[in-house]
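Sharing a sequence plus its predicted fold:
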Amino acid sequence: MNPISYPFNTKYNSAPFFTIENKDFLASFETAIAAARIEIDAIINNTESPNFANTIEALDFSGEALDRLSSIFFNLNSAETSDEMQKIAQEVSPLLTAFSNDITLNQDLFNKIKTVYYQKENLRLSTEQLTLLDKKYKSFSRNGALLSADKKIRLREIDTELAQLKLTYGENVLAETNNYQLHITDANDLKGLPEGAVEMAEALAQSKQLKGWLFTLDFPSYLPFVTYNENRELRKEMAIAAGKKGFQNNEFDNQDNTLKIAKLRFERANLLGYATHSDFVLEERMAQNPEKVKSFLNELLVKAKPAAQREFAQLTAFAKELDGINQLEKWDGAYYSEKLKQSLFSLDDEVLKPYFQLENVLNGAFLIAERLFGITFRSISDIDKYHEEVQTFEVVDFEGQLVALFYADFFPRPGKRNGAWMTSYKPQYIKNGKNERPHVSIVCNFTKPTATKPSLLTFNEVTTLFHEFGHALHGMLANTKYPSLSGTSVYWDFVELPSQIMENWCYAPEALALFAKHYQTGAIIPHEYVERIKESANFQEGMATLRQLSFGLLDMAFHSSDPTTIKDIKAFEKSAFDGTTLYPDVAENCMSVSFSHIFNGGYSSGYYSYKWAEVLDADAFAYFQEKGIFNKEVATKFKVHILSKGGTELPMALYQRFRGQEPNADALLKRAGLV
């Protein structure tokens, strides 16, 4: 096996996907870890007195090759995985965990950091340097550096087990997603489905040498099915299949994994001196503690629940009048909501989709970023990509200087997990006087082109693209000195502000005019459709808010108390959902075992941040609305004080510098129609 050499011999030092083979990864990780150890040892063995440059800065810039390799491998493991890659991940994960522990539990290294930390008042450091120093000290003190030797051993064991459990959890969810398919051979069972969904299902069936139509749990297949199919029993089958991923007492069952992860997180927090995992996590968040989060969620619940109950009663009455349905079930929600929306607003996603060709929407996001932030996106073909469907772009400023590399990956594949996310292959930082520019990617699962149509997005997919593009802008426009403070390296309940604020432009007529054009005629979306989109923006907002709050409350239930008493995941989940449920429970389903955000991703004790950031984004966009949604002065403030600053200061200080005041929740409640 040949280790992957770094720096890469590629344009912009971009990831050399074409030359990477799976068999090279393990040796490459071993080599990169060994190189990073040498850099750490050099800091420890430096005979000069510890100072900011030779200790804190040196530590932040160490391990660059390992960081680049890790980003490539784990991003591929999410977007283009295989059985071989998953096996490698299980081998590599313990190596990385051990290396990380070797650093944070190294007493000699921590002693040097402490020496610098205790002198910080006399060092004349910049705000960014003080933030980095504080972050480095806490990354050690909060992760075991102050523990006794026997407790350090136990912490290593916990971290190794957690890393492997999270990988297994994610692999199981992907396997369950890929293992289900609904094969339809009777055209009568397709009634109500849009032409594009039928065509896509037929193409999928043909690709597997089957007659008829094939539907899967991939979102572009699943969502149209449960939204439009008139066959209630088939909607039920699909909905239950989606809801029981990881809950089937088979080889991919995640019940034990979920409990083990929750219990190990709790034990780890206790070991470090915290009452719960949430107490540990939230100490480094804007919200600060579990009580504040639960209070925030419950205050919103009080405001949203009456609206949600009214909306559910309206939906129930509508379904009864239309089809004689006496009890709405979960597999009825999307179907009758879509019909009610059409009835109230004469708004049908299928009517809108021709105006949202993927290429046009992406170009619209680019044009909006250009008008707001002065950057231009140029398609390029001379850097490697990991799949033929990935698009690559050079991002430049008005002077033609490189701002970032941008990768976009839009369609579902068997080796790609569901959902949408932004990630990075290289952070921005300044080293030896050179501003190293970031390499950023967004990954989505949108409707694929068919033999007769390009990829046409639902309006929800349009807002998803803008959401992930907002995260990407946060990464691309970073302008900090240190890699660990750059881009999206911010408090978790602040990271959704740049993403969620971008969704607002999807509802603005001036923005829609830039990209919402009929894919066949080129005609701009009619004014009446735009008005209906705006009118329907708050449609079932109470129910949507209740749903988000339920996920946040479930997250806090697992992580803000002692999980060792949990005997039955399903029963525990039902209890956590008390007060937020509208539909009857489905016995075969359990969300916790496929809740990848909190058990495989980084959102444990952080799911509330979506609603938290909504307060910020509503207040921030109100500022744009006051001055004009393309107002250069406001856009520049947002770029300079939010997007470029990363995690160099406390989020509230950055926000107040942009807005001139603390955020006001009234803007969110007003936008959501909850007041």
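Alright, I've got the coordinates. Residues are numbered from 1 along each chain as shown.

hey, where'd the helices end up in the stretch 301-450 of the chain?
With helices called from DSSP state H, counting those that start in this stretch, the stretch 301-450 of the chain shows them at 330-345, 349-352, 358-373.

Mind listing what's buried along the last one?
For helix 358-373, the neighbour count (16 or more other C-beta atoms under 10 Å) marks 358, 360-362, 364-366, 368-369, 371-373 as buried. For glycine as for every other residue, the C-beta is placed from the backbone atoms N, C-alpha and C.

thinking again about what came up before, what's the least confident stretch among the helices of the stretch 301-450 of the chain?
Lowest mean pLDDT within the helices of the stretch 301-450 of the chain: helix 349-352, a mean of 90.

My read is that residue 631 contacts residue 637, right?
No. The criterion here is C-beta atoms under 8 Å, and residue 631 misses it with residue 637 at 9.4 Å.

Next one: residue 455 from residue 444, what distance?
Look at residue 455 and residue 444: by C-beta to C-beta, to the nearest Å, they are 10 Å apart.

which neighbours do these two share?
Here residue 455 and residue 444 share the contacting residues residue 410, scored by C-beta atoms under 8 Å, 6 or more residues apart in numbering.

where in the chain is pLDDT low?
Residues of the chain meeting the criterion pLDDT under 70: 1.

Spatially central residue (nearest the centroid) of it, please.
Note on the chain: the residue nearest the mean C-alpha position is residue 421, at 4.3 Å, using C-alpha atoms, centre = their mean.

is it in a bridge, and if so with what?
Beta-bridge pairing for residue 421 (DSSP bridges): residue 443.

Same list (the buried residues of helix 358-373) but as JSON lines, adding distance to residue 113.
As requested, the buried residues of helix 358-373 are exported to JSON lines (distance: C-beta to C-beta, whole Å):
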{"residue": "358", "distance to residue 113": "48"}
{"residue": "360", "distance to residue 113": "51"}
{"residue": "361", "distance to residue 113": "47"}
{"residue": "362", "distance to residue 113": "44"}
{"residue": "364", "distance to residue 113": "47"}
{"residue": "365", "distance to residue 113": "41"}
{"residue": "366", "distance to residue 113": "42"}
{"residue": "368", "distance to residue 113": "43"}
{"residue": "369", "distance to residue 113": "39"}
{"residue": "371", "distance to residue 113": "44"}
{"residue": "372", "distance to residue 113": "40"}
{"residue": "373", "distance to residue 113": "36"}
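
Please identify which pair of these lies farthest apart.
Within the buried residues of helix 358-373, two members stand farthest from each other by C-beta to C-beta: 358 and 373, at 22.2 Å.

Now residue 540: closest residue in space that isn't a chain neighbour?
Computed as C-beta to C-beta, 6 or more residues apart in numbering, the closest residue to residue 540 that is not its neighbour in sequence is residue 311, at 5.0 Å.

actually residue 70, not the one I typed
With C-beta to C-beta, 6+ apart, the residue lying closest to residue 70 is residue 96, at 6.8 Å.

which residues does that neighbour contact?
29, 33, 70, 163.

Can you list the neighbours in contact with the strand or helix carrying the first one?
Looking back up the chat, that one is residue 29. Following DSSP states H and E, one finds residue 29 within helix 25-45. Residues outside helix 25-45 that contact it (C-beta under 8 Å, 6+ apart) are 1-4, 6, 54-55, 58-59, 62-63, 65-66, 69-70, 73, 88, 91-92, 95-96, 99, 102-103, 106, 108-109, 112.

Name the residues of it that are buried.
Across helix 25-45, burial judged by 16+ other C-beta under 10 Å covers 25-26, 28-29, 31-33, 35-37, 39-40, 43.

Please apply the same query to stretch 578-593.
580, 582, 589-593.

And stretch 199-209, by the same measure?
For stretch 199-209, by 16+ other C-beta under 10 Å, it's 199-202, 204-205.

Only C-alpha atoms, please: export it in CSV.
Provided in CSV are the C-alpha atoms of stretch 199-209 (Å, rounded to 0.1, in the frame of the first residue of the first chain):
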residue,chain,number,x,y,z
GLU,A,199,-40.7,8.3,-14.8
MET,A,200,-37.9,8.2,-12.2
ALA,A,201,-39.4,5.1,-10.6
GLU,A,202,-39.6,3.4,-14.0
ALA,A,203,-36.0,4.2,-14.8
LEU,A,204,-34.9,2.8,-11.4
ALA,A,205,-36.8,-0.4,-12.1
GLN,A,206,-35.2,-0.7,-15.5
SER,A,207,-31.7,-0.2,-14.0
LYS,A,208,-32.4,-3.3,-11.9
GLN,A,209,-33.8,-5.3,-14.8
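
Contacts only, for residue 579.
Here residue 579 is in contact with 301, 305, 553 (C-beta under 8 Å, 6+ apart).

what about it, is that helix, strand or coil?
Secondary structure for residue 579, judged by DSSP: H, G, I helix; E, B strand; the rest coil, is coil.

Following element in sequence after the helix holding residue 29, please.
With DSSP H and E, the next secondary element past helix 25-45 is helix 58-60.

in stretch 128-143, what counts as buried?
Those would be 128-133, 135-137, 139-143, for stretch 128-143 by 16+ other C-beta under 10 Å.

Tell me which stretches of the chain form strands.
181-184, 213-216, 375-379, 391-397, 402-409, 421-426, 429-431, 434-436, 439-443 (DSSP state E).

what packs against the fourth one?
To tie it back to what came earlier, the one meant is strand 391-397. strand 375-379, strand 402-409 (3 or more C-beta pairs under 8 Å, 6 or more residues apart in numbering; DSSP states H and E).

Now mean neighbour count too, for the ones you listed, in JSON lines please.
Formatted as JSON lines, those follow (neighbours: other C-beta atoms under 10 Å):
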{"stretch": "strand 375-379", "mean neighbour count": "16"}
{"stretch": "strand 402-409", "mean neighbour count": "22"}
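
Can you redo these as CSV, where the extra columns are distance to residue 223?
Shown next, in CSV, are these (distance: least, C-beta to C-beta, whole Å):
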stretch, distance to residue 223
strand 375-379, 28
strand 402-409, 19
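
Residue 167: which of those is closest?
Using C-beta to C-beta, the nearest of the helices and strands packed on strand 391-397 to residue 167 is strand 402-409, at 21.0 Å.

now that closest one against helix 358-373, angle please.
Using axes from the mean of the first three to the mean of the last three C-alpha atoms, to 10 degrees, one finds that strand 402-409 and helix 358-373 are set 150 degrees apart in direction.

which stretch among the helices of the stretch 301-450 of the chain comes nearest residue 564?
Comparing those by C-beta to C-beta, helix 330-345 comes nearest, at 30.8 Å.

Okay, buried residues for the closest one please.
Buried residues in helix 330-345 (16+ other C-beta under 10 Å): 330-341, 345.
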